[in-house]
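Undergrad: Fold the following, please.
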Amino acid sequence: MELFIKEQEIRQFNEGKNFHSHLKLGAHRVKMNRIWGVHFALWAPNAISVRVVGDFNSWQGREHEMVAEEGIWCLFVPYLEEGELYKYEILTAGGEKFLKADPYAFYSELRPQTASVVYSLEGYPWGDDLWMGKRDKACLKDKPLLIYEVSLASWKRTAAGDFYTYRELARELIPYVLEMGFTHLELMPLMEHPFDGSWGYQITGYYSPTSRFGSPHDLMYFVDSCHQAGLGVILDWVPGHFCKDAHGLGRFDGERLFEGEEHLEWGTYEFNFAKPQVWSFLISNAVFWLEQFHFDGLRVDGVTSMLYLDFGKDGTPWQVNIHGGRENLDAIAFLKTLNETIASLCPEVLMIAEESSPWPAVTKSSAVGGLGFDYKWNMGWMNDTLKYFETDFEKRREKHPLLTFSLYYAFAESFILPLSHDEVVHGKRSLIEKMPGDYWQKFAGLKTLYSYQLWHPGKKLLFMGAEFAQFIEWRFYEGLEWFLLDYQAHSDFHNFVKQANLLYRQERCLWQNDESWEGFQWLDVHNHQQSVLAFLRRDKKGQFVICLLNLTPTYYPEYRVGVPASGKYMEIFNTDQLEFGGSGQLNMDVLEPEGIAYHGQDFSLKIKLPPLAGVLIKPLIE
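TA: Predicted coordinates:
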């Protein structure tokens, strides 16, 4: 008899080496023995029996018993069509009977319903060949990477409060992101999940794009449209833990099949990385999103929780590893294999770690002992920076090292500087509300924060809503407060972010040497009394810009800054411009340095340094 899944593929799956397992497990409409139908395959090694149930058999599986082969249950149902609803009825060794959704389903019933849907991913007419052919992550190191982080469920809602579809979002979101100057979108998890309040981070359907916004082909249309418009798309991916919902992966066949321990902090199950089949399931899933949906990268959520055995245990007992340490050796091996596999199969995509500990060599090759990621979120920079900017102006001189410490380790890894969704929820306040001072000072302070992020070494990420200074925290259950753009202060700030982004992309000095001291030089790192930072950014040809940040409301009509060369200079950006809602203290004239040594330089300029402002100065090339 013809077999859809081969013995070798089953063996590789059980060895943790089948990284395209989604091509054979799950529900696939195929032709077998000259008859079209659907082949079902399921990993459930501890089950006593498994049946396929659905609308096609009135949810009675007596006639659709599956047959097991080395833990993989299989059944071909002839004449079954695409669009059929189904689940697996699993009889456990303990006499329990479960109805489970398909872990490999490509499509799911709209919540709150939980059935899987027979769906073929084939047939979408991709039009992004030009984009796909030009992807080169090595070149991206010396290019601007400016990411707009988005929750598709709450970026914007319809007038009735409903979700926009993937296709509607393609028409609404893509032009907006391009106009604002971002290079990439980062989408919070789109895998099927039961709870809106989980934001997509507690998943039940790892291979199923959520039906909240449409079909898998609709999601392909969204990504395709991004690429044709010149916009990259990164997807949040959650391999560390999964949802406890009854129809999901938990106790799938009556035993702890996918899960290890309970994650007490998040109310989820951790994946058991000691099981090779879990490797096949998860690494195949990463490959699936990159190959089938053309995503340009994965931001891997919760890496820290995977690396440490005692993460989130909060005093509860935990088992040390074989060396007596707290490192999760199985998860570490998994992450290295994951990144090696993606580098081999999808070499032009980005693997980004959300990792908050001092773990070394996260973005170094596994060949030299690293984890193999391309970038790591710089959570230390984010925490220190936000602590500083939340500090009252008169106390900032005491907190000055919070802004300068990041340069001690800025080039130890390949970093992304995030101002992410996690910092504007759960009572942490929005970015604008974190700023001290009066109404004007809050906006001015936020402009200096964003300037510091853009001019500091590292790639950038900004969460939606921050670009027009939304005052309330992010609410997952409603759209952003777009009406704020009708108010001058918010409209001016929105314009500032757009212009700051565009300038960042134009100025090679701000991104071409992001990972080396060759691209950065302190001019004044110690001016805590005035709370002013001054530094240089250089490109690979030695051209430079001078960056100044005044972090208090004090205006300095004559501020001296050292410069490395004579010649003429000009101000190319000032956050205090009137069009940005500033006070208009600009350096309009050509600036000529004096032969007065300052800040360790042979020459110096005397400039206006506005209150709570960032200023960029550049030599004039004659």
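
Undergrad: give me the number of residues near residue 525?
TA: Using other Cβ atoms under 10 Å, residue 525 is surrounded by 16 other residues. (Glycine included, C-beta is placed from N, CA and C.)

Undergrad: Give me the spatial nearest neighbour of it, chain neighbours excluded.
TA: residue 404 (5.3 Å; Cβ to Cβ, 6 or more residues apart in numbering).

Undergrad: Can I get the one helix or strand that neighbour maps to in CSV? Just the C-alpha atoms.
TA: Assigned by DSSP states H and E, residue 404 belongs to helix 401-404. What follows is helix 401-404, C-alpha atoms only, in CSV (Å, rounded to 0.1, in the frame of the first residue of the first chain):
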residue,chain,number,x,y,z
PRO,A,401,25.9,56.6,34.8
LEU,A,402,22.6,55.0,33.8
LEU,A,403,23.0,56.6,30.3
THR,A,404,26.7,56.0,29.9
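
Undergrad: Now do that helix: which elements does it pack against?
TA: Contact here means 3 or more Cβ pairs under 8 Å, 6 or more residues apart in numbering; DSSP states H and E; on that basis helix 401-404 packs against helix 379-389.

Undergrad: Contacts only, for the residue most central in space within the chain.
TA: Centroid check for the chain by Cα atoms, centre = their mean gives residue 299 as the closest residue, at 4.1 Å. Contacts for residue 299 (Cβ atoms under 8 Å, 6 or more residues apart in numbering) come out as 186, 234-237, 352, 354, 377.

Undergrad: Are we agreed that residue 31 is in a helix?
TA: No - going by DSSP: H, G, I helix; E, B strand; the rest coil, the assignment for residue 31 is strand, not a helix.

Undergrad: So what sits opposite it in the bridge?
TA: residue 36 (DSSP bridges).

Undergrad: returning to that earlier point: pairing partners for the next helix or strand after the helix holding residue 404, with directions?
TA: Once helix 401-404 ends, the next helix or strand along the chain (criterion: DSSP H and E) is strand 415-419. Neighbouring strands of strand 415-419 in its sheet, by DSSP bridges, are strand 375-377 (parallel), strand 459-463 (parallel).

Undergrad: can you redo these as TSV with mean pLDDT?
TA: Shown next, in TSV, are the strands paired with strand 415-419 (pLDDT from 0 to 100):
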stretch	mean pLDDT
strand 375-377	98
strand 459-463	98
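
Undergrad: C-terminal to the lowest-mean-pLDDT helix or strand in the chain, which secondary structure element comes first?
TA: Sorting the helices and strands of the chain by mean pLDDT, DSSP states H and E puts helix 137-140 at the bottom, at a mean of 83. Per DSSP H and E, the first helix or strand lying C-terminal to helix 137-140 is strand 146-150.

Undergrad: just for this structure, where's the confidence low?
TA: Under the criterion pLDDT under 70, the flagged ranges of the chain are 1-2, 622.

Undergrad: ok, now with 50
TA: Under the criterion pLDDT under 50, the flagged ranges of the chain are 1.

Undergrad: just the strands in the stretch 401-550 of the chain please.
TA: Using DSSP state E, counting those that start in this stretch, the strands of the stretch 401-550 of the chain run over 415-419, 459-463, 520-524, 532-538, 544-550.

Undergrad: now the stretch 101-250 of the chain
TA: So, for the stretch 101-250 of the chain - with DSSP E, counting those that start in this stretch - the strands run 116-117, 146-150, 184-187, 191-192, 205-209, 232-237, 241-242.

Undergrad: Could you spell out the sheet neighbours of the helix or strand that the last one is followed by, each with its direction?
TA: Downstream of strand 241-242, the first helix or strand assigned by DSSP H and E is strand 259-263. Sheet pairing here is set by DSSP bridges, and for strand 259-263 it gives strand 268-271 (antiparallel).

Undergrad: need the next SSE after the strand it pairs with, C-terminal direction.
TA: helix 276-293.

Undergrad: Can I get that following helix in CSV? Just the C-alpha atoms.
TA: The C-alpha coordinates for helix 276-293 follow below in CSV (Å, rounded to 0.1, in the frame of the first residue of the first chain):
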residue,chain,number,x,y,z
PRO,A,276,14.0,15.0,20.4
GLN,A,277,10.5,15.0,19.0
VAL,A,278,10.0,18.4,20.6
TRP,A,279,13.0,19.6,18.6
SER,A,280,11.5,18.3,15.4
PHE,A,281,8.2,20.0,16.2
LEU,A,282,9.6,23.4,17.1
ILE,A,283,12.5,23.7,14.6
SER,A,284,10.1,22.6,11.8
ASN,A,285,7.8,25.3,13.1
ALA,A,286,10.5,28.0,12.8
VAL,A,287,11.3,26.8,9.2
PHE,A,288,7.5,26.7,8.4
TRP,A,289,7.0,30.4,9.1
LEU,A,290,10.1,31.4,7.2
GLU,A,291,9.6,29.2,4.2
GLN,A,292,5.9,29.1,3.8
PHE,A,293,5.1,32.7,4.8
